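>>> No letters, just coordinates:
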């Protein structure tokens, strides 16, 4: 069976096909200008149609409606992931699971599949930056949400006059914390703030679990932060797609006693 896996964020969409349990070529694009016909053309295109489509979306009802219409035209069964109490080896720590973003849940599933038996801090850096702690047994212990660096910078420029004016032009961010222009200072300040929070989260998790977790980073803005993180850290750009792949596979049979 071929399953089309789709990860839709606020600004970008990623997709890949799962064929016989193997994840195929990953594709990505900005989707802000897409219409329903674009989803049909780009995702289903010429060639063999997938039997199913599994979607993790935080993009809102308008995008969901266009993608649903595209799948209907292509005659492909579409399912949007919702957050359960337990799934994919992860037990959600929120009393009301739906309040956890579906992208965070699916990324946690992906990290759980890649690093079984290891406590992880799953960090997504997109429009927002999220940090979710998953212990070695797969239990979600809670999370943190802040603006990602790009949003920090945009908010600062939007709500100040002097900083915005002085940041026009000037040296871009270079190596080290201390920038030699207003623009560099703002960019580096935002990135270092995000990295410092990640390291603090690892410290807090160590006190909670008795062991420091591995940081697993994903998202379009992750590369700008990852090099500044002191804690052990790995980058997995397609973490949500990997989580979708795990959720798309049949559940293993329960052994009978």
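Yep, it's here. Remember, it's a predicted structure, so these values are computed and weren't measured experimentally.
>>> Domain parsing of this structure, as residue ranges.
Domain segmentation of the chain under automatic domain parsing yields 2-80, 117-237.
>>> For residue 250, find the nearest of those domains.
Nearest to residue 250, of all these, is domain 2-80, at 9.6 Å by Cβ to Cβ. Any C-beta I mention is one placed from the backbone N, CA and C, and that applies to glycine too.
>>> Next, the distance between the ends of that closest one.
Domain 2-80 has an end-to-end distance of 16 Å (Cα to Cα, to the nearest Å).
>>> which SS state does the residue nearest the centre of the chain fall under?
The centre of the chain sits closest to residue 124, judged by Cα atoms, centre = their mean, with a distance of 4.5 Å. For residue 124, the assignment made with DSSP: H, G, I helix; E, B strand; the rest coil gives strand.
>>> who's in contact with it?
Shown in contact with residue 124 (Cβ atoms under 8 Å, 6 or more residues apart in numbering): 103, 104, 107, 130, 217, 218, 219, 222, 239.
>>> phi, psi of residue 8?
phi -110, psi 120 (degrees, to the nearest 10).
>>> isn't it right up against residue 58?
Yes - under the criterion of Cβ atoms under 8 Å, residue 8 makes contact with residue 58 at 7.0 Å.
>>> Those two - which one has more neighbours?
Taking neighbours as other Cβ atoms under 10 Å, residue 8 and residue 58 compare with residue 8 leading, 24 against 16.
>>> mind listing what that one touches?
Residue 8 neighbours (Cβ under 8 Å, 6+ apart): 31, 55, 56, 57, 58, 59, 63, 67.
>>> tell me which element the third one falls in.
This points to residue 56. strand 52-57 (DSSP states H and E).
>>> Which positions within the next helix or strand after that strand qualify as buried?
Moving toward the C-terminus from strand 52-57, the next helix or strand (DSSP H and E) is helix 61-74. Using 16 or more other Cβ atoms under 10 Å as the test for burial, helix 61-74 gives 63, 66, 67, 68, 69, 70, 71, 74.
>>> packing partners for the helix or strand following helix 61-74?
Counting by DSSP H and E, the element after helix 61-74 in chain order, helix or strand, is strand 77-80. Counting by 3 or more Cβ pairs under 8 Å, 6 or more residues apart in numbering; DSSP states H and E, the packing neighbours recorded for strand 77-80 are strand 52-57, helix 61-74.
>>> mind checking which of these is nearest residue 142?
Of the helices and strands packed on strand 77-80, nearest to residue 142 by Cβ to Cβ is strand 52-57, at 20.3 Å.
>>> gap between the residue nearest to the centre of the chain and residue 230?
In this view, residue 124 and residue 230 are 19 Å apart by Cβ to Cβ, to the nearest Å.
>>> re the thing from before, which one of the domains of the chain lies nearest to residue 95?
domain 117-237 (11.2 Å).
>>> now the closest one: how far from the chain's centre is it?
13 Å (Cα atoms, centre = their mean, to the nearest Å).
>>> same deal with stretch 92-99?
18 Å.
>>> Please list all residues in contact with the nearest residue to residue 223 once chain neighbours are set aside.
Excluding the flanking residues, the one nearest residue 223 by Cβ to Cβ, 6 or more residues apart in numbering is residue 235, at 7.2 Å. By Cβ under 8 Å, 6+ apart, the residues touching residue 235 are 217, 218, 222, 223, 226.
>>> now residue 7
13, 14, 15, 55, 56, 57, 103, 106, 240, 241, 244.
>>> For the longest helix along the chain, name the packing helices and strands.
Within the chain, and with DSSP state H defining each element, the longest helix by residue count is helix 182-209. Applying 3+ Cβ pairs under 8 Å, 6+ apart, we find helix 182-209 packed against strand 120-125, strand 128-134, strand 140-147, helix 149-158, helix 162-166, helix 222-226.
>>> Name the residues of the last one that are buried.
Spelled out, that is helix 222-226. 222, 224, 225, 226.
>>> right, and residue 83 touches residue 107 too?
No - in this structure residue 83 lies outside contact range of residue 107 using Cβ under 8 Å: 11.7 Å.
>>> With neighbour numbers in mind, choose between those two.
Neighbour tally, residue 83 and residue 107, criterion other Cβ under 10 Å: the higher count belongs to residue 107, 32 against 21.
>>> If anything else comes up later, I'll come back, but that's it for now.
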